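Undergrad: Please work out how this folds:
(chains A and B)
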Amino acid sequence: ELKVEQNPLFLSMQEGKNYTIYCNYSTTSDRLYWYRQDPGKSLESLFVLLSNGAVKQEGRLMASLDTKARLSTLHITAAVHDLSATYFCAVDYAGTYKYIFGTGTRLKVLA
Amino acid sequence: DAGVIQSPRHEVTEMGQEVTLRCKPISGHDYLFWYRQTMMRGLELLIYFNNNVPIDDSGMPEDRFSAKMPNASFSTLKIQPSEPRDSAVYFCASSPRGRGGNQPQHFGDGTRLSIL
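TA: Have a look, this model is predicted:
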């Protein structure tokens, strides 16, 4: 059974600081997705990572995938308040298009 | 593109009543997914369809839950009879087949369900 774990679960950080969210998964997969969810809202796709060593960047966010370590990271550079949200990683189960979601990381950026 | 459309946005009903949630996927998407989100259990996949055919319903909690996709543009999730523990936000998502998974799932705005 595929398990996806994120850490930390909660993250409070000051504006301007850097931090990394980690996503570990338990079985082999080379398809990983990052989503953002604002309170009471839907999930918004951020990144699609499809191979070992894949790196994607958008603004202050950068995501990477290491399939051998079964690890993805979401790095935040010089955080701003607008990045406050919950971030989820999701792993495609055995190429079935079925996603298993991580627990989510609730990020709060303090002004 | 209109995105994934769910209705109703909010539903409040009493225990024992039948609840029907509706979803219109993005046109041209082959896959449709139903999820449930709660604080305790996070995001759980309930069932998903490919070309209107249910592929995996192992996440459906019990026989009180059923889902149908009569055509490519419409799906329903039904709970009968409803119980307070079914209270959650239910999301519908859709995705095209894509190449090697390069197209992510697109989520609707969700239905916030409260069973009293």
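
Undergrad: Is it correct that residue B:85 falls within a helix?
TA: Yes. Residue B:85 sits within a helix when classified using DSSP: H, G, I helix; E, B strand; the rest coil.

Undergrad: so what's it up against?
TA: With contact taken as C-beta atoms under 8 Å, 6 or more residues apart in numbering or on different chains, residue B:85 is in contact with residue B:115. From N, CA and C alone the C-beta is placed, and that goes for glycine too.

Undergrad: List the beta-bridge partners for residue B:6.
TA: In this structure, residue B:6 bridges to residue B:23 when assessed by DSSP bridges.

Undergrad: Residue B:31 now?
TA: For residue B:31, the beta-bridge partners are residue B:50, residue B:95 (DSSP bridges).

Undergrad: didn't it look like it was pressed against residue B:49?
TA: Yes. At 6.8 Å, residue B:31 counts as touching residue B:49 under the criterion of C-beta atoms under 8 Å.

Undergrad: And for residue B:38, the neighbour number?
TA: 13 (other C-beta atoms under 10 Å in any protein chain shown).

Undergrad: go on, the one 5 residues further on?
TA: Look at residue B:43: counted by other C-beta under 10 Å, it has 22 neighbours.

Undergrad: Quick check: it is in a helix.
TA: No. Looking at residue B:43 with three-state DSSP, it is strand, so not inside a helix.

Undergrad: quick one, what contacts it?
TA: Counting by C-beta under 8 Å, 6+ apart, residue B:43 has contacts A:88, A:101, A:104, B:35-37, B:91.

Undergrad: List just the nearest of those residues to residue A:62.
TA: Distance ranking of the contacts of residue B:43 against residue A:62, using C-beta to C-beta, places residue A:88 first at 16.6 Å.

Undergrad: who's in contact with residue A:88?
TA: Residue A:88 is in contact with A:6, A:34-37, A:43, A:101-102, A:104-105, B:43, counting by C-beta under 8 Å, 6+ apart.

Undergrad: repeat that for 6 Å
TA: A:35, A:101-102, A:104 (C-beta atoms under 6 Å, 6 or more residues apart in numbering or on different chains).

Undergrad: partners of the nearest residue to residue A:101 once chain neighbours are set aside in the sheet?
TA: In this structure, residue A:101 finds its nearest non-sequential neighbour in residue B:43, 4.2 Å apart by C-beta to C-beta, 6 or more residues apart in numbering or on different chains. When assigned by DSSP bridges, residue B:43 has beta-bridge partners residue B:37.
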